[in-house]
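[1] What shape does this take:
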Amino acid sequence: MAVTTDRQSLGPSAAADTPTLRHGDRLSRAEFHRRYLLHPEIKKAELIDGVVCMPSPLRTEFHGAPDFDITGWLALYRAHTPGLVGANNATVLLDATNEVQPDVQLLVRKSVGGQAQITAGDYVEGAPELVDKDLGAKLRAYERNGVREYIVVVTGKPRVIWFVLEDGAFQELAAEADGTLRSRVFPGLWLDPAALLAGDLAAVLATVGLGLASDEHAAFVARRHDSG
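    Got it, this is the predicted structure:
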């Protein structure tokens, strides 16, 4: 089964009169966004510190498969945790020179204390609490804008790096004694990085299941209910 969602063009004449996006172009975020809307044939483009970035075709086992498993991991966590929004490849209006599409993101709704919001145009504005993406120029943009956690799956190594924001700078999260990585922002969001890299989704989901059954997650959920 394949699932697709297409952006809608604002009309053939407008698109014909608007230059397309090209890798390396320097644009304002407003102009980047305008061109992106008018060219729905472009499936993936980002603006990083004012520069247009258009990725090469993505491979299955090096990119698509880990993303799929991370989505399932975060979806299971969200299913048992109120007040959260998860999304794949959704546009984030990060700041005046950055418009990005994280592979996966998890954010707390503004109504229950989150730091980003969903605009009237259905985009995320501000910094999500957690994003997943490859290493690159976006790391410093995320850091500067206050993304609180940032997960990178380096499939070529292979390695999982989980950054946490401390005093305005990303620091690598240390693994627990059992090898798991545990979110500081989302209590109970536990990850077995070895299982993720091995493609063992059952083990990945079993680990987050233990986190969901923990006292820290129960307390987090109770606080969400109290704030609602």
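
[2] When you work out contacts or count neighbours from here on, use the C-alpha atoms and nothing else.
    Will do.

[3] So this protein: which segments form each domain?
    Structural domains annotated on the chain: 16-53, 60-227, as defined by automatic domain parsing.

[4] Show the residue spans covered by the strands in this protein.
    With strands called from DSSP state E, the chain shows them at 46-48, 51-53, 84-88, 92-95, 98-100, 104-108, 117-118, 124-125, 130-132, 149-154, 159-166, 169-172, 181-182, 190-191.

[5] Now tell me which of the ones you listed the model trusts least on average.
    Note on the strands of the chain: strand 130-132 shows the lowest mean pLDDT, a mean of 86.

[6] And that one, what's buried?
    130-132 (16 or more other CA atoms under 10 Å).

[7] For residue 97, give its distance to residue 41.
    Distance of residue 97 to residue 41, computed by CA to CA, to the nearest Å: 23 Å.

[8] more neighbours, these two?
    Using other CA atoms under 10 Å as the criterion, residue 97 and residue 41 rank with residue 97 on top: 19 against 13.

[9] hang on, the more buried one packs against residue 29?
    Yes: judged on CA atoms under 8 Å, residue 97 makes contact with residue 29 at a distance of 5.3 Å.

[10] tell me the contacts of residue 148?
    Residues in contact with residue 148 (CA atoms under 8 Å, 6 or more residues apart in numbering) are 128-130, 164-165, 185.

[11] Relative to residue 39, how far out is it?
    32 Å.

[12] ditto for residue 21
    8 Å.

[13] try residue 129
    From residue 129 over to residue 39 (counting by CA to CA), the distance is 30 Å.

[14] Return the residues in contact with the residue nearest to residue 24 when sequence neighbours are not counted.
    Nearest residue to residue 24, sequence neighbours excluded (CA to CA, 6 or more residues apart in numbering): residue 52, at 5.1 Å. Applying CA under 8 Å, 6+ apart to residue 52 gives the contacts 21-27, 32, 45-46.

[15] follow-up on the earlier one: by neighbour count, which of the contacts of residue 148 wins?
    Result: residue 128 is most packed of these (other CA under 10 Å), 28 neighbours.

[16] report the longest helix in this structure, please.
    For the chain, the longest helix by residue count, based on DSSP state H, is helix 65-79.

[17] Of the contacts of residue 52, which is the most crowded?
    So for the contacts of residue 52 (other CA under 10 Å), the most neighbours sit at residue 46, 25 neighbours.

[18] returning to that earlier point: return the closest of the buried residues of strand 130-132 with respect to residue 66.
    residue 132 (10.4 Å; CA to CA).

[19] For the closest one, give me its contacts.
    102-105, 150-152.

[20] Grab the nearest non-local neighbour of it.
    Closest to residue 132 by CA to CA, 6+ apart is residue 151, at 4.7 Å.

[21] Wait, that neighbour touches residue 160, no?
    Yes: counting by CA under 8 Å, residue 151 does reach residue 160; the two are 7.2 Å apart.

[22] Give me the more crowded residue out of those two.
    residue 151 (21 against 18).

[23] gap between that one and residue 129?
    Distance from residue 151 to residue 129, by CA to CA: 11 Å.

[24] now swap in residue 75 and tell me
    15 Å.

[25] go on, residue 206?
    Distance from residue 206 to residue 129, by CA to CA: 23 Å.
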